[in-house]
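Chemist: Here you go, sequence then predicted model.
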Amino acid sequence: MDSEGVLMPLIHKHRMMPWNDLRRGDCCGRFESICDGYYCKICDIFVHKKCGESSEYIEHPSHPNHTLQLLSTRGNSHDCDLCGKNIGDLFYRCEICDFDMDLYCAKYPPPEVINISKTHHHKLNLLKELIQFDYCVWHPPEVNHTLEVNHSYHSLHPLKLHTGQLPNYSDRKCRLCAKEIEVGLFYHCSLCNFTLDMSCVLNPPQRYLWNLKAHDHQLTLLPSLRSFLCSACGLNGDRSPYICVQCDFMIHQVCLHLPRVININRHDHRVSRTSVLGVVNSVCGVCRQKVDWTCGGFSCPRCPGYAAHSLCATREDVWNGKELEGVPEEIEDIEPYVVIDDNTIQHFSHKEHYLRLHVNSVLCDDNKRCSACTHPICLQSFYGCMDCDFILHQNCAGFLRMKWHVLHNERLTLVTNETEVFKCYACERWSNGFRYQQGYKSFDVRCGSISEPFFHPSHPDHPLYCILPYGKIFCNGCYKFKYGMLVCVEYECNHLICFNCATLPPVVKHRVDDHPLSLCYGEKASGICWCDICEAKADPEIWFYTCKDQRASLHTSCVLGDFSGLMPGSTLKSASNSSEVLLNNIVSRPFCSFLELMPGSTLESAGKSVEVGLNKSTSRPFCISCKLHCIFPIILKRLGTSDEYFCSILCI
């Protein structure tokens with residue numbers, strides 16, 4: 001076989017490599033117990049070996065009048081005219097009759113007559129007409145079952161066909177695959193309390209395996225209830241492992257096809273599976289729990305102390321499903337700037353000019369804003385352009401051009417196009433600053449730059465890690481429920497914060513006080529507190545901003561407002577190149593915080609433009625919607641008018 005792949009013109013237009021993969025086949029849309037197949041790296045398509053060896057033309061009993069031809073859907077949706085299910089990439093078709101059949105039905109045609117006495121007392125004939133069914137009662141081959149079967153994995157007694165629910169004494173799991181059996185058809189031996197689901201009856205797992213990915217020796221299935229420690233993932237199992245007696249090796253069936261080399265979204269380098277981790281007292285880089293160093297797992301060849309449980313590293317929210325063994329690692333320049341001298345750089349987003357380092361001593365200057373994070377320059381060193389007004393915080397200038405993020409499974413690219421408005425996937429704020437992006441997901445640079453371990457001044461004793469919480473838990477900063485949380489994993493420490501609170505600016509300037517306002521991480525207080533901006537009640541246990549003498553408790557939403565980040569002078573476009581879509585999204589999501597609007601920019605609203613400006617005049621402007629003086633630091637003004645202002649999202 002050609003080392004560069006084989007051409008399979010009936011199946012795919014590109015060369016395909018021999019490949020082993022656990023994922024669903026793009027050919028038929030189903031899983032196979034044996035996952036040998038072919039893979040196209042260009043199109044990311046995996047084809048089962050059985051499907052790839054299908055004949056171009058077949059005669060089929062379900063369509064005896066004409067020959068069927070093997071075709072590809074090429075991305076178009078088709079349904080099988082036999083079973084009604086959606087067809088994968090490959091199918092058989094009769095052009096004369098407009099008849100389509102998926103590969104599964106082609107291989108396993110439904111019988112003309114079936115006899116299921118427990119389901120119906122008469123024989124059932126296959127009706128070859130299109131009829132609307134809510135439930136497929138004959139889908140091949142799962143109804144052509146005898147009342148009793150002699151199964152190779154249970155030779156003591158025959159297994160009897162049952163319908164409905166399992167007996168109460170059963171653990172309601174298949175003895176071989178451990179999958180839950182709730183309601184439906186299954187085979188059961190009441191004498192031995194032995195149950196098999198239909199999948200394991202029809203396609204039982206192989207008794208002997210020579211699987212080089214899992215182990216170097218032959219593995220044998222032990223079909224019994226037996227507690228064991230999986231040598232691949234380090235977790236306990238309770239039934240039917242594959243074993244190697246000479247090595248004292250035992251493995252879950254689900255761990256047989258673990259990949260060898262992968263990328264995970266919590267580490268910058270590729271990680272590789274090893275049979276023995278060998279790192280004593282290490283913790284999993286995903287779940288932060290201890291790993292058994294005598295078992296297998298994933299480790300990083302470049303970082304000697306990094307390890308991860310096999311099942312943690314291959315979770316759907318951690319791994320993108322791509323096996324990288326044999327795939328060359330791309331070497332890319334991800335550094336964001338070139339050093340000219342000790343105080344001068346050339347940033348990739350501003351190649352036309354050099355940037356000079358400045359040590360800032362100014363508390364806050366609303367007129368000088370970082371192009372990356374869109375926040376004012378405030379007691380932070382920054383790089384300023386030597387020929388124009390372009391500015392970057394020193395920290396923001398160092399953001400890598402490509403990176404991984406814990407909330408996305410693909411590597412993100414740093415995009416510096418200021419003409420588009422986006423909503424951050426992590427904190428749900430809108431921005432037109434720099435963003436990390438891949439596909440439809442965008443992260444502002446503050447959320448995108450968060451990595452593990454994350455240290456936050458609200459919890460200085462322990463680092464925080466991004467763990468997707470189970471159940472409905474609430475952020476300690478805002479007392480709101482969010483999907484992704486930064487969590488302290490120390491025992492009995494319940495500190496956790498959302499990405500929105502984790503990226504609130506620690507110091508801001510507001511007209512309510514001559515001094516900068518500092519973020520306070522909640523406190524116990526007796527009596528009633530009031531916000532000096534909106535004059536409403538404030539809960540001191542929720543994070544708030546306070547002035548120098550700490551006598552004020554100011555809502556973070558009042559201090560920052562709904563608009564505080566769009567770059568001055570920029571023309572904004574949403575991801576669909578329609579600013580009207582942006583404002584429609586704002587109106588439909590009135591409770592999202594718009595912390596990313598910069599003064600001086602414009603938005604199109606139903607054919608009318610609005611300008612984003614600072615609310616810094618002596619007399620506060622009057623909002624034409626809520627009929628109140630605008631209290632927020634950033635407001636919108638409709639262009640072409642002298643006094644038409646909007647103070648919040650709800651007022652647009």
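Modeler: Nice, I can see it. Numbers count the residues shown, from 1 in each chain.
Chemist: From what I see, Val280 and Asp292 are in contact.
Modeler: No. Judged on CB atoms under 8 Å, Val280 makes no contact with Asp292 at a distance of 10.3 Å. Any C-beta I mention is one placed from the backbone N, CA and C, and that applies to glycine too.
Chemist: where exactly do the helices run in this structure?
Modeler: Using DSSP state H, the helices assigned to the chain run over residues 49-52, 103-107, 198-202, 310-313, 394-397, 445-448, 499-502, 556-560, 579-588.
Chemist: who has more neighbours, Val280 and Asp292?
Modeler: Of the pair Val280 and Asp292, Asp292 is the one with more neighbours under other CB atoms under 10 Å, namely 17 against 8.
Chemist: surely the more buried one meets Asn236?
Modeler: No. Contact between Asp292 and Asn236 fails when scored by CB under 8 Å: they sit 10.6 Å apart.
Chemist: joint contacts of those two?
Modeler: Among the neighbours of Asp292, those also in contact with Asn236 (CB atoms under 8 Å, 6 or more residues apart in numbering) are Leu229.
Chemist: just to revisit the earlier point, of the helices of the chain, give the one that comes closest to Ile345.
Modeler: helix 394-397 (6.8 Å; CB to CB).
Chemist: And the closest one, what does it pack against?
Modeler: Contacts defined by 3 or more CB pairs under 8 Å, 6 or more residues apart in numbering; DSSP states H and E place helix 394-397 against strand 382-385.
Chemist: For the strand it packs on, name the packing helices and strands.
Modeler: For strand 382-385, the packing partners by 3+ CB pairs under 8 Å, 6+ apart come out as strand 355-358, strand 391-393, helix 394-397.
Chemist: which residues in the stretch 101-250 of the chain form strands?
Modeler: Along the stretch 101-250 of the chain, the stretches classed as strands by DSSP state E, counting those that start in this stretch are 113-114, 124-125, 148-151, 154-164, 184-189, 194-197, 208-209, 219-221, 225-229, 236-239, 242-244, 249-251.
Chemist: right, so the helices and strands packed on strand 382-385: which one is the most enclosed?
Modeler: Greatest average neighbour count among the helices and strands packed on strand 382-385 goes to strand 391-393 (a mean of 24), per mean count of other CB atoms under 10 Å.
Chemist: Quickly run through the sheet partners of that strand, with directions.
Modeler: Sheet partners assigned to strand 391-393 using DSSP bridges are listed as strand 382-385 (antiparallel).
Chemist: So this structure: which segments form each domain?
Modeler: Taking automatic domain parsing as the domain assignment, the ranges for the chain are 1-110, 208-255, 337-397, 579-651.
Chemist: Please compute how far stretch 504-518 lies from its chain's middle.
Modeler: In terms of CA atoms, centre = their mean, to the nearest Å, the centre of stretch 504-518 is found 36 Å from the chain centre.
Chemist: Pull the residues that contact it.
Modeler: Counting contacts by CB under 8 Å, 6+ apart, the residues touching stretch 504-518 from outside are 363-364, 366, 375-376, 378-379, 457, 477, 519, 532-533, 543, 545-548, 552, 554, 556, 559-560, 615-616, 633.
Chemist: what do you get for stretch 546-558?
Modeler: 478, 504, 510, 512-513, 515-520, 529-534, 536, 538, 540, 543-545, 593, 631-632.
Chemist: ok, and for it, which residues are buried?
Modeler: Neighbour-count burial for stretch 546-558, with 16 or more other CB atoms under 10 Å as criterion, is recorded at 546-547, 552-558.
Chemist: Identify the farthest-apart pair in the residues you listed.
Modeler: Across these, the two members that end up farthest from each other (CB to CB) are Cys547 and Ser557, 17.0 Å apart.
Chemist: Type out the PyMOL command that picks the buried ones from the contacts of stretch 546-558.
Modeler: Selecting in PyMOL just the buried members of the contacts of stretch 546-558, where the criterion is 16+ other CB under 10 Å, is done with this command:
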select buried, resi 478+504+510+512+513+516+517+519+520+529+531+532+533+538+540+543+544+545+593+631+632
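Chemist: Which of the contacts of stretch 546-558 fall in strands?
Modeler: 517-520, 529-530, 538, 544-545 (DSSP state E).
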